[in-house]
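Visitor: 3D model of this:
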Amino acid sequence: MSFDALEMRDRPAVVPIRFWTEYEPDHTDPAKLITHDKVEWAKKGSSNGSTTVIKIRHLKLDSVLWPVLQPAYEAWKKNQEAPLDGTPLDAWPGVTTQQVKVMRDYHLRSVEDFATAPDSTLMKMNFPGIREMQGRAKAFLQAAQGQAQIAEALHSRDQMIANLGAELEEMKHFVSDMAAQDKSRNKPVELPALP
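Guide: Modelled structure (predicted):
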């Protein structure tokens, strides 16, 4: 697979459900309150309501989970929508509204989540042709990556053409200046050798 599936497999397959702040009395000064930000998260592919709650300050010490949940936490702190890691399911033409709902029930929020979902999750989702659909998701992502590579190649080509055009204009001005100087001296024009 060429669409960074290996990188996605190396990351824990977790998704934040919600963030909130709790307050408790400060033991050193009962007139003050201490705030604790918390997160409730679930494993992608689970639908049994099994979640985990942890204080953010403890989560920050986890070098595996924190990098996955940190962008969503930072967005929550700024009152923004959590960033989606990948292509939204709604942007994929290969899925129906009902299938999107089922995928979200299993905490799969992007085409990448579905494309890399393990067989155990697919079996629980239980709708016809799910393995073929996962194959279409992988093909969709590969095609999108190919389009991105083509766009990058076209941008590089356009930049090279622009640079060559600028060099050509510079050469025209150089030749024009040389011709004007030689004309004022009544000498034949000698053009520089091109590379």
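Visitor: could you pull out the helices for this structure?
Guide: Taking DSSP state H as the test, the helices found in the chain are 5-10, 56-59, 66-77, 97-105, 111-115, 119-125, 130-184.
Visitor: which of these is buried the deepest?
Guide: Among the helices of the chain, ranked by average contacts under mean count of other C-beta atoms under 10 Å, first place goes to helix 111-115 (a mean of 26). From N, CA and C alone the C-beta is placed, and that goes for glycine too.
Visitor: dump it to CSV, restricted to CA.
Guide: The C-alpha trace of helix 111-115 is given here as CSV (Å, rounded to 0.1, in the frame of the first residue of the first chain):
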residue,chain,number,x,y,z
VAL,A,111,-11.8,6.9,4.5
GLU,A,112,-8.3,6.1,5.9
ASP,A,113,-9.9,4.7,9.1
PHE,A,114,-12.1,2.4,7.1
ALA,A,115,-9.4,1.4,4.7
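Visitor: packing partners for that helix?
Guide: Applying 3 or more C-beta pairs under 8 Å, 6 or more residues apart in numbering; DSSP states H and E, one finds that helix 111-115 makes contact with helix 5-10, helix 130-184.
Visitor: which one of the ones you listed has the lowest average pLDDT?
Guide: Here the lowest mean pLDDT among these goes to helix 5-10, at a mean of 49.
Visitor: so what's the closest residue to residue 130 other than its chain neighbours up against?
Guide: Distances taken as C-beta to C-beta, 6 or more residues apart in numbering put residue 122 closest to residue 130, at 5.0 Å, once the chain neighbours are dropped. Contacts of residue 122 were listed using C-beta atoms under 8 Å, 6 or more residues apart in numbering, and they are 130, 131, 134.
Visitor: thank you kindly, that will do.
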